[in-house]
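J.: need coordinates for the following:
(one chain, ligands or ions: 2)
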Amino acid sequence: MSTLGNSTNIFWHECPVGNSERQKLLNQKGCVVWITGLSGSGKSTLACSLSRELHSRGKLSYVLDGDNLRHGLNKGLGFSAEDRTENIRRVGEVAKLFADAGLICIASLISPYRKDRDACRAMLTDANFIEVFMNMPLSLCELRDPKGLYKLARAGKIKGFTGIDDPYEPPLNCEIEIQEKDGVCPSPSTMAGQVVSYLEDKGFLHQ
Ligand SMILES: Nc1ncnc2c1ncn2[C@@H]1O[C@H](COP(=O)(O)OS(=O)(=O)O)[C@@H](OP(=O)(O)O)[C@H]1O
Ligand SMILES: Nc1ncnc2c1ncn2[C@@H]1O[C@H](COP(=O)(O)OP(=O)(O)O)[C@@H](O)[C@H]1O
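T.: Numbers count the residues shown, from 1 in each chain. Ligands and ions are numbered 1, 2, ... in the order given. As a prediction, this is how the structure comes out:
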C-alpha cells in the first residue's frame, strides 16, 4: 500500500505478460524518440517521415505530436511555463507507456525547457530516451512560418512565443542533432534516415 500525491491506498498490479514478451512479438525494442526544437524547425515533418520509414521496415511506431495532443489529452493547457511543464510531463508519461508496450514512440514537441526534457528522460532507462534536437536557426523557422504565428508574435499579438519572447533551451547532451549543411536543410527522408541509422546501430530494430 502507498500514498502518491492525493491518492492513498493504491497498489501496483503486475501483469503476467511483460515488456520482453511484447518486444519479442514485435521483433523490436520499445523506446522514446523525443524531437525538440523551435516551432517551424521541422519536428512534425521528421516525426511523420520517420514513422513512415519505420512502418515500411515492418516496425511499429506511434507519433505523439504536441499540437495534436493539445486537442485532447492536453486540452486546457496554455503556454505559461507551468502549463508547458505539465504538457511535457503528461506526454513523457504517455510515451513511457508506449515504450513499455514495445513501440517506438516518437514525441514531437517544442519542449523548450531543459529540466522538463530531462525529467522525461529520467522516467525511462537512459538508453531508451533518444533526444533529437532540430537545430535550425530561428531565421529559417521564421521564414517558413507555416501557420503565420511568428508574424503574430512579432506584432505582439501572441505573447510568450518560443524563440521570440519565451526561451528555448537547446539540449546539452542530445543523442542526435539535425542541422543544416552548407546552409541547406536535409530533406525529410535524410533526416529520418539519420534517426533510423541510430536506432539500427543501437539495436532497437530487432529483438
Ligand atoms: N506561445 C506559443 N509558443 C510556442 N508555440 C505556440 C504558442 N502558441 C501556440 N503555439 C503552437 O503550439 C505548438 C507547440 O505546442 P507544444 O505542445 O509542442 O509546446 S510546448 O512543448 O508545450 O512548449 C506550436 O506548434 P509547432 O509549430 O508544431 O511547434 C505552435 O503552433
Ligand atoms: N527538411 C525539410 N526540408 C524542407 N522543408 C521542411 C523540412 N522540414 C520541414 N519543412 C517545412 O517547414 C515547415 C515547418 O515544418 P513542421 O514539421 O511543421 O515544423 P514543426 O513541427 O517543428 O513546427 C513546414 O512547412 C514543412 O513543410
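J.: next one: the longest helix seen in the chain to chain centre, how far?
T.: The longest helix of the chain (DSSP state H) is helix 81-101. Averaging C-alpha positions (Cα atoms, centre = their mean, to the nearest Å) puts helix 81-101 9 Å from its chain's average.
J.: swap in stretch 35-45?
T.: Offset of stretch 35-45 from its chain centre (Cα atoms, centre = their mean): 9 Å.
J.: is ligand 2 contacted by it?
T.: Yes - in terms of Cβ under 6 Å from any ligand atom, part of stretch 35-45 sits within range of ligand 2, namely 37, 39-45. To be clear about C-beta, it is placed using only N, CA and C from the backbone, and glycine gets the same treatment.
J.: what average pLDDT does stretch 59-78 get?
T.: Averaging pLDDT along stretch 59-78 gives 97.
J.: among the residues of stretch 35-45 next to ligand 2, which are in helices?
T.: 43-45.
J.: switch the residues you listed over to a markdown table; also include distance to residue 173 and neighbour count.
T.: Output for those, formatted as a markdown table (distance: Cβ to Cβ, whole Å; neighbours: other Cβ atoms under 10 Å):
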| residue | distance to residue 173 | neighbour count |
| --- | --- | --- |
| 43 | 19 | 26 |
| 44 | 24 | 19 |
| 45 | 24 | 18 |
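J.: so what does the longest helix of the chain touch, helix or strand wise?
T.: strand 31-36, strand 61-65, helix 66-69, strand 104-108, helix 114-123 (3 or more Cβ pairs under 8 Å, 6 or more residues apart in numbering; DSSP states H and E).
J.: count the residues that sit near the nearest residue to residue 111 once chain neighbours are set aside.
T.: Spatial nearest neighbour of residue 111, excluding adjacent residues (Cβ to Cβ, 6 or more residues apart in numbering): residue 36 at 4.6 Å. Using other Cβ atoms under 10 Å, residue 36 has 28 neighbouring residues.
J.: need the contact list for the residue in the chain positioned nearest to ligand 1.
T.: The minimum distance from the chain to ligand 1, using Cβ to the nearest ligand atom, falls at residue 66 (2.4 Å). Shown in contact with residue 66 (Cβ atoms under 8 Å, 6 or more residues apart in numbering): 43, 87, 91, 108-111.
J.: can you tell me which two in those residues are farthest apart?
T.: 43 and 87 (14.2 Å; Cβ to Cβ).
J.: roughly how far apart are residue 4 and residue 12?
T.: Residue 4 sits 10 Å away from residue 12, going by Cβ to Cβ, to the nearest Å.
J.: anything in contact with each of the two?
T.: Common neighbours of residue 4 and residue 12 (Cβ under 8 Å, 6+ apart) do not exist.
J.: rewinding a little: make JSON lines from the contacts of residue 66 and add distance to residue 160 to it.
T.: Converted to JSON lines, those look like this (distance: Cβ to Cβ, whole Å):
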{"residue": "43", "distance to residue 160": "19"}
{"residue": "87", "distance to residue 160": "14"}
{"residue": "91", "distance to residue 160": "19"}
{"residue": "108", "distance to residue 160": "20"}
{"residue": "109", "distance to residue 160": "16"}
{"residue": "110", "distance to residue 160": "12"}
{"residue": "111", "distance to residue 160": "15"}
